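K.L.:
give me coordinates for this.
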Amino acid sequence: MKPADAEALYAAIDVSRESLRRRMRWVCGVTAVEDCLKFILECRTSQVYGIFESKTGGMVGIVSIGRRKDSAASGWFSGWIRSDKGKKGYFSDSGTLAIRQAFRKYGMHRLYARIDPNNRPARKALQKLGFRYEGCLRRDKLLHGLWINQECWGLLKSEWKNKA
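P.N.:
Numbering: from 1, shown residues only. Below is the predicted model of the structure:
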């Protein structure tokens with residue numbers, strides 16, 4: 001993403017604020033376009049890709065990958081789609097491209113994703129991308145003052161090669 005995407009990113013977050021807030025603690029801190037610009041400029045240890053509609057050019061979400069601090073060959077995978085743009089294949093298409101970057105360009109051997117156990121659309125999207133359920137991390141994430149569980153999903157390069 002580039003600084004020029006800050007306004008579109010803010011609009012995508014704002015329209016999806018309620019659904020994002022239930023799962024991501026950073027949403028409350030995004031109160032202006034400047035917050036999105038700061039986020040874009042700080043993305044030095046990860047690759048954040050904006051997802052845009054081909055017809056309108058409007059931003060529908062983001063997908064990102066990043067290396068774990070303790071491992072050059074393992075990394076995380078995350079993303080979200082605007083609440084009014086779901087179930088159209090945007091996450092699957094962009095996720096496939098991000099995974100390709102992680103494994104081919106950045107030489108990672110494993111990606112993981114953590115999701116809210118109640119987030120069925122995320123679970124379905126990860127399964128479609130080839131991720132496998134690895135377990136439940138009990139009370140792993142502090143969100144709005146409560147410790148919540150997270151499901152951990154993983155994808156190995158060897159599994160992805162067989163799928164791609």
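K.L.:
CA only for contacts and neighbour counts going forward, please
P.N.:
Will do.
K.L.:
surely residue 60 forms part of a helix?
P.N.:
No: under DSSP: H, G, I helix; E, B strand; the rest coil, residue 60 sits outside any helix and is assigned strand.
K.L.:
thought residue 49 was touching it, still the case?
P.N.:
No: Residue 60 lies out of contact with residue 49 (C-alpha atoms under 8 Å); the separation is 11.1 Å.
K.L.:
ok, these two, which is more surrounded?
P.N.:
residue 60 (24 against 18; other C-alpha atoms under 10 Å).
K.L.:
where does the chain have low pLDDT?
P.N.:
Across the chain, the ranges flagged by pLDDT under 70 are 44-45, 162-164.
K.L.:
please enumerate the strands of it.
P.N.:
With DSSP state E applied, the chain shows strands at 46-52, 59-68, 71-81, 110-115, 132-143, 146-156, listed in chain order.
K.L.:
dihedrals phi and psi, residue 145?
P.N.:
In terms of degrees, to the nearest 10, the main-chain angles of residue 145 are phi 80, psi 0.
K.L.:
neighbours around it, how many?
P.N.:
Residue 145 is flanked by 8 other residues according to other C-alpha under 10 Å.
K.L.:
over to residue 85?
P.N.:
Neighbour count for residue 85, taken as other C-alpha under 10 Å: 15.
K.L.:
please apply the same query to residue 71.
P.N.:
As a burial measure, residue 71 scores 9 neighbours (other C-alpha under 10 Å).
K.L.:
list the residues that contact it.
P.N.:
By C-alpha atoms under 8 Å, 6 or more residues apart in numbering, the contact set of residue 71 is empty.
K.L.:
equivalent analysis for residue 143, please.
P.N.:
Contact analysis of residue 143 by C-alpha under 8 Å, 6+ apart lists 23-25.
K.L.:
okay if I get the strands of the chain as CSV plus distance to residue 94?
P.N.:
As requested, the strands of the chain are arranged in CSV below (distance: least, C-alpha to C-alpha, whole Å):
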stretch, distance to residue 94
strand 46-52, 7
strand 59-68, 7
strand 71-81, 9
strand 110-115, 15
strand 132-143, 18
strand 146-156, 16
